[in-house]
Structure formats: C-alpha cells, structure tokens
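Colleague: Predicted structure and sequence below. I'll ask about it afterward.
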Amino acid sequence: MSASAPALEYSFPVDVTQLPAKGRDYTLTAKDDDRKRVAERLGLLELPVLTARITLTPAGSGIITVTGELQAEVVQSCVVSLVPVKSSIAESFSLGFSREPDEDEEGGELDLSPHEDPPELLTGDEIDLGELVVEQLALFIDPYPRAPGAVFQNPKKPGVETGKATISPFAALAKLKTQNKNN
C-alpha cells in the first residue's frame, strides 16, 4: 500500500507537454472554499481575494519558464495587539522548471547566470499552477504584520520589586558566590 500525496488546498494542474511554442496564458481566481483552505494553511484570518495571471513558455533544453502576477487581499493578526490587519499584495514572479532529460540527451549542463536560481526539476508532465500561486503568496505575505499605531511595550526587567528597588533573580547567586570566596 503506497502513501498518497496530501490533497492540495488549491490545485490547477497544467500539462506542459501540450504547450505551444509561443507559450500559453492562464488566469486563476480562487473560489471561496479554496481561499479558506489556503488561509488556514498560511495562518491567515481571511483571504478575501486570490488571483493570478500566469504565462508558461517552453524555453528550449527542456526548460519551461513561468512568469506571473499575483494579487491578493489578506487579513492577518497583528503581532503586537492581535487585532486583524488587512493588506493588499500585488507582486510579480518568475520561475523556471526543467523537464527530466530524455535517454538520448546526456551530459548537457544548463548555462545559468550566478544571479539566477536554477530551475526546479519537474517530475512528470504537469505543473500545478494553484500550488505555485500558494507558494508565491506564502513568500509575499508580511511575516510580522503590525496594526497602525500598535507599539510593543517592553516588559519590565525580570526581578522582584521591593518598594523602590528591584532585586535581580541572580542576586542570591551573587551572594553565594561572594560567600564562597570568603570561605
């Protein structure tokens, strides 16, 4: 019995073997149920909007370039006050995928600039554009959202307050150390 892959929160598989030489454009708009599942996966309070325009283009040598624009409205918890924080995301992305080389293609190396990410290895004939959009969204959301005017209050130093002075929790240890030196 083989373990099956977990179901994706948002899936839109595309067969890359059917791409025309000039490429193909896709427009994705996540439905309510998909957005709820993606919001839960990414720890968002809400995900009212998730859309993307994506172009897949064969680039030769088994490389497929994926360029796109992602738009989303997200609601997160403020890291300071926990109140909901709404934000808009409008970002572009570009990725490359490499098809596994055929038996007759051997030893060819990819010529990449040191500033380019190497293409991801594509196993099979499909790229799941829905999962790709979710991964890109995860990269673009603010990891530390803060509500306007939210200010972090630094807690007081640890210790015991006695009237005007604060006694350090390490005061007893310092006292013992002094006593041991005197003995």
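Modeller: Sure, I can see it.

Colleague: alpha carbons only for contacts and neighbour counts from here, please
Modeller: OK.

Colleague: Pull the contacting residues for Glu126.
Modeller: In this structure, Glu126 makes contact with 13-17, judged by Cα atoms under 8 Å, 6 or more residues apart in numbering.

Colleague: Look up phi and psi at it.
Modeller: The phi and psi torsions at Glu126 (degrees, to the nearest 10) take the values phi -130, psi 150.

Colleague: go on, Thr67?
Modeller: Summarising the backbone geometry of Thr67 under the convention degrees, to the nearest 10, its torsions are phi -120, psi 150.

Colleague: Tell me what it is bridged to.
Modeller: Beta-bridge partners of Thr67, counted by DSSP bridges, are Thr55, Ser94.

Colleague: sorry, back to before: if any of the contacts of Glu126 are buried, give me the ChimeraX selection for them.
Modeller: Only the buried entries of the contacts of Glu126 go into this ChimeraX selection, using 16 or more other Cα atoms under 10 Å:
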select :14,16
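
Colleague: Restricted to strands, list the contacts of Glu126.
Modeller: 13-15 (DSSP state E).

Colleague: which one of the residues you listed sits closest to Lys181?
Modeller: Of all the ones in strands among the contacts of Glu126, Pro13 has the smallest distance to Lys181: 72.7 Å, by Cα to Cα.

Colleague: how much space between that closest one and Gly124?
Modeller: In this structure, Pro13 and Gly124 are 11 Å apart, going by Cα to Cα, to the nearest Å.

Colleague: Then Pro84?
Modeller: Counting by Cα to Cα - Pro84 and Gly124 are separated by 41 Å.

Colleague: Mind jotting down where the helices sit in the chain?
Modeller: Using DSSP state H, the helices of the chain run over 32-42, 129-140, 171-182.

Colleague: Which of those helices sits closest to Glu69?
Modeller: So among these, helix 129-140 is nearest, using Cα to Cα, at 9.3 Å.

Colleague: got a list of contacts for the closest one?
Modeller: For helix 129-140, using Cα under 8 Å, 6+ apart, the contacting residues are 8-14, 28, 38, 42, 52, 70, 72, 89, 91, 93.

Colleague: Between which two of the residues you listed is the distance greatest?
Modeller: Across the contacts of helix 129-140, the longest distance by Cα to Cα is 24.5 Å; it joins Val14 and Ile89.

Colleague: for stretch 138-147, how far is the first residue from the last?
Modeller: Across stretch 138-147, the straight-line distance between its terminal residues is 20 Å, by Cα to Cα.

Colleague: Number the residues from 488 up from this point.
Modeller: All right, first residue 488 from here; so that's stretch 625-634.

Colleague: Go through it and flag the buried ones.
Modeller: Neighbour counts over stretch 625-634 (16+ other Cα under 10 Å) mark 628, 632-634 as buried.

Colleague: Closest to the centroid, which residue in this protein?
Modeller: Nearest to the mean C-alpha position of the chain, counting by Cα atoms, centre = their mean, stands Ala625 at 2.6 Å.
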